[in-house]
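Participant: What would the 3D arrangement of this be:
(2 chains)
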Amino acid sequence: NAGVTQTPKFQVLKTGQSMTLQCAQDMNHNSMYWYRQDPGMGLRLIYYSASEGTTDKGEVPNGYNVSRLNKREFSLRLESAAPSQTSVYFCASSVTNWVGAYNEQFFGPGTRLTVL
Amino acid sequence: TQLLEQSPQFLSIQEGENLTVYCNSSSVFSSLQWYRQEPGEGPVLLVTVVTGGEVKKLKRLTFQFGDARKDSSLHITAAQPGDTGLYLCAGLRAGNMLTFGGGTRLMVKP
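Facilitator: Next up, the predicted model:
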């Protein structure tokens, strides 16, 4: 099993350009997440999808959109990139979002995005 | 300000030393997770603590959840260079969302 895969690994954009970050998981997980990681800030939730067909905003959703294409795939789109969106983006998945006190998340390797 | 504060932010120690990393909040969490992240990779779950006062051991790592479920600590005994990495705590809150702390970057020198 590949676990959680993300493409691309690196990307440089100019301000105003758009792009889509792709994420796929092969663990049959119901829930998927997009985070951004900035120095000293830990990971902040952008959007999540509790199950196929549903998406919800997280802590920092402005400037982003998401699509849960099917159970395996969850994409993140930047419509008009800004320098403030320079960050490392992580996709994660978990078995289910709603069970007890356990929500082990499995992370992809990340996409390093620079917006000039 | 972050919901979960980790301290210290950076720690550089010699191989064989002991260390403790703290994760504090004014909020109550249903559980607290610790992740370890290596450069160029995503975080990997180390442990989940659920019950107030719970202590879990993972080889040389000891994790404790505060009695009030607002704070946690990670203690490493006899640190090794392989322990080098970014340690993140994450609290599970209402809606089953994880809130991450800012991380502690640990370097263990041989």
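
Participant: Going by C-alpha atoms from here, please, whenever you check contacts or count neighbours.
Facilitator: Will do.

Participant: Pull the number of nearby residues for the nearest residue to A:Ser75 once chain neighbours are set aside.
Facilitator: Nearest residue to A:Ser75, sequence neighbours excluded (C-alpha to C-alpha, 6 or more residues apart in numbering or on different chains): A:Gln22, at 4.7 Å. Using other C-alpha atoms under 10 Å in any protein chain shown, A:Gln22 is surrounded by 17 other residues.

Participant: right, and A:Gln22 touches A:Leu76 too?
Facilitator: Yes - counting by C-alpha atoms under 8 Å, A:Gln22 touches A:Leu76, with 6.6 Å between them.

Participant: Now for the residue of chain B found nearest chain A: which residues touch it?
Facilitator: Per C-alpha to the nearest C-alpha, B:Gly102 is where chain B lies closest to chain A, at 3.9 Å. By C-alpha atoms under 8 Å, 6 or more residues apart in numbering or on different chains, the contact list for B:Gly102 reads A:Gly40, A:Met41, A:Gly42, A:Leu43, B:Gln2, B:Leu4, B:Glu5, B:Gln6, B:Gln9, B:Leu88.

Participant: Need the pLDDT of the closest residue to chain B within chain A.
Facilitator: Nearest residue of chain A to chain B: A:Gly42, at 3.9 Å (C-alpha to the nearest C-alpha). Looking at A:Gly42, its pLDDT reads 84.

Participant: Relative to B:Leu3, how far out is the closest residue to it other than its chain neighbours?
Facilitator: Distances taken as C-alpha to C-alpha, 6+ apart put B:Gly102 closest to A:Gly42, at 3.9 Å, once the chain neighbours are dropped. From B:Gly102 across to B:Leu3, the span is 10 Å (C-alpha to C-alpha, to the nearest Å).

Participant: In the sheet, which strands lie alongside the helix or strand bottoming out on mean pLDDT in chain B, parallel or antiparallel?
Facilitator: In chain B, the helix or strand scored least confidently by mean pLDDT, DSSP states H and E is strand B:97-100, which has a mean of 88. Here strand B:97-100 has these sheet partners by DSSP bridges: strand B:85-93 (antiparallel).

Participant: Show me what counts as buried in the partner strand.
Facilitator: Buried residues in strand B:85-93, counted by 16 or more other C-alpha atoms under 10 Å in any protein chain shown: B:Gly85, B:Leu86, B:Tyr87, B:Leu88, B:Cys89, B:Ala90, B:Gly91, B:Leu92, B:Arg93.

Participant: Can you name the residues that contact the nearest residue in space to the fifth one that is not next to it in sequence?
Facilitator: Spelled out, that is B:Cys89. Setting aside the residues directly before and after it, B:Cys89 is nearest to B:Trp34 in space (C-alpha to C-alpha, 6+ apart), at 4.5 Å. B:Trp34 sits next to B:Leu45, B:Leu46, B:Val47, B:Thr48, B:Tyr87, B:Leu88, B:Cys89, B:Ala90 when contact means C-alpha under 8 Å, 6+ apart.
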